[in-house]
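1. Okay, here's the prediction I keep looking at, along with the sequence it came from:
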Amino acid sequence: MHHAGSAPPRLAARMSLVAASPTMKVAAEADRLRREGVDVVDLGAGEPDFPTPPHVKAAAVEAIERNFTRYTANAGVVELKQAVCDRMRLDYGVEFGTREVIITAGGKQALCNAATALYGPGDEVVTHSPGWPTIVEQIKLAGATPVIVRTHPEDGFALHPESVIGAFTPRTRAVVINSPCNPTGALVTEPALAAIADAAAAHGIWIVVDLCYEHLIYDPAPHNLPRVLVDRLRDRTVLCGSASKAYAMTGWRCGWMIAPPDVVEAANAVQSHSTSNVSSITQKAAIAALGGSREPVERMLKEYRERRDRLSEWLSAEPRLRYVRPAGAFYLFLDVSDCLSPDGLRTSAEFARTLLDEKYVALTAGEAFDAPGFVRISYAAAPHHLKEGAKRLLEFLAEHA
């Protein structure tokens, strides 16, 4: 009962734990300036600038023409779940059945389903930083406590198994790993994951892997994470994937979760009371993407590789900028701490804000990724934008020397 003068709080207590996506904030600010007619160079967005491949768009158009516009099964059409299984077999040599797959509105919903189905109050969930903020926020929304293992630029942001295993307590419920990693571009090695998986198996701990950038790896590197996990703890492995990055389908909202059938059933229950099925039209497009030619994926990867190398070359003109060459994804995670000072730009957040105000270049401050002193540049942008952005950034640094 509330007494006079003590109004109930406006929002649920869980909202005090969670903040809006910082990367989305940058996009909104850049968008506002653009609408005002400003020539903004947006290097903040984590999305491909390529159009969705033609055969994928054609499948969606055909779906509409054929009136494939009704509800589908909540967990997705069988053909798409099978396409996900086929991809896992072709890419990794691991066999899954359609009962182990649910189709989700992007990789984000796959991870959110996993968090809701597996973690709760009293649980601890280990993950790594610098990392994608959504992972930590989802752990908190599920009522669990995030336990953060730091990675460092000195060794290429490598995830060391002893750090992860050293963070285990009797309350540890799961480990969440993102590889290739947003924002660092680092890959988790197979031996590191094997060691973590062996320890997790011994303690009954789940491993959730975010594979959203799995097809964006630049140089040949052993990265068969599904095989490592299936061989060691199949009954406690959750793999989350997405059509967004590899197939330039961010706006279509399509991802998937691969997990033991009871976890998929739990995720299905959660999803049936939140969003229900992914758009029927999107599902037809995703079947074409997953089962179609790999040529568009290879072409985009080649282009990203060239952009990474060109951007690195342009920025090497400024000795105060340090970075680890990304092995995957499409971000350059720049250490700008040598450009900060007590009487100038004090933090990387201030650096990013001032760069947007003065030079109209949008990038994301490292604070968003639990990495103050860094900024993230997305090179999933047209080459002329990238060149202009690098030029303006170097001018900005010269003016703030």
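-> That came in fine, so what should we check first?

2. Could you list every helix and strand in contact with the lengthiest helix in the chain?
-> The single longest helix within the chain, with elements called by DSSP state H, is helix 295-315. When contacts are defined as 3 or more CB pairs under 8 Å, 6 or more residues apart in numbering; DSSP states H and E, helix 295-315 sits against strand 331-335, helix 383-399. (C-beta placed from N, C-alpha, C; glycine too.)

3. winner for burial among these?
-> strand 331-335 (a mean of 24; mean count of other CB atoms under 10 Å).

4. which other helices and strands contact that strand?
-> Using 3+ CB pairs under 8 Å, 6+ apart as the contact test, the elements touching strand 331-335 are helix 295-315, strand 322-323, strand 374-378.

5. Which of these sits closest to Glu265?
-> helix 295-315 (31.6 Å; CB to CB).

6. Quick check: buried residues in the closest one?
-> Pro296, Val297, Met300, Leu301, Glu303, Tyr304, Arg307, Arg308, Leu311, Ser312, Trp314, Leu315 (16 or more other CB atoms under 10 Å).

7. Please save the CA atoms from that helix in CSV.
-> Output of helix 295-315 as CSV, limited to C-alpha atoms (Å, rounded to 0.1, in the frame of the first residue of the first chain):
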residue,chain,number,x,y,z
GLU,A,295,30.4,-15.1,-54.3
PRO,A,296,28.8,-11.9,-52.7
VAL,A,297,30.2,-12.9,-49.3
GLU,A,298,33.7,-13.4,-50.7
ARG,A,299,33.5,-10.1,-52.6
MET,A,300,32.4,-8.1,-49.6
LEU,A,301,35.1,-9.7,-47.5
LYS,A,302,37.8,-8.8,-50.1
GLU,A,303,36.5,-5.2,-50.2
TYR,A,304,36.6,-5.0,-46.3
ARG,A,305,40.1,-6.3,-46.3
GLU,A,306,41.2,-3.6,-48.8
ARG,A,307,39.4,-0.9,-46.7
ARG,A,308,41.1,-2.1,-43.5
ASP,A,309,44.5,-1.9,-45.1
ARG,A,310,43.9,1.5,-46.7
LEU,A,311,42.5,3.0,-43.5
SER,A,312,45.4,1.7,-41.5
GLU,A,313,47.8,3.2,-44.0
TRP,A,314,46.1,6.7,-43.9
LEU,A,315,46.0,6.7,-40.1
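
8. Relative to the host helix or strand of Pro146, what are the paired strands and their orientations?
-> Pro146 is located in strand 145-150, with elements delineated by DSSP states H and E. Taking DSSP bridges as the criterion, strand 145-150 forms sheet pairs with strand 124-129 (parallel).

9. how far does the host helix or strand of Arg32 sit from the chain's center?
-> In this structure, Arg32 sits in helix 22-35 according to DSSP H and E. Its chain's C-alpha centre and that of helix 22-35 lie 19 Å apart, by CA atoms, centre = their mean, to the nearest Å.

10. I'd like to know which elements it is packed against.
-> Using 3+ CB pairs under 8 Å, 6+ apart: helix 22-35 touches strand 41-42, helix 348-359, strand 361-362, strand 364-365.
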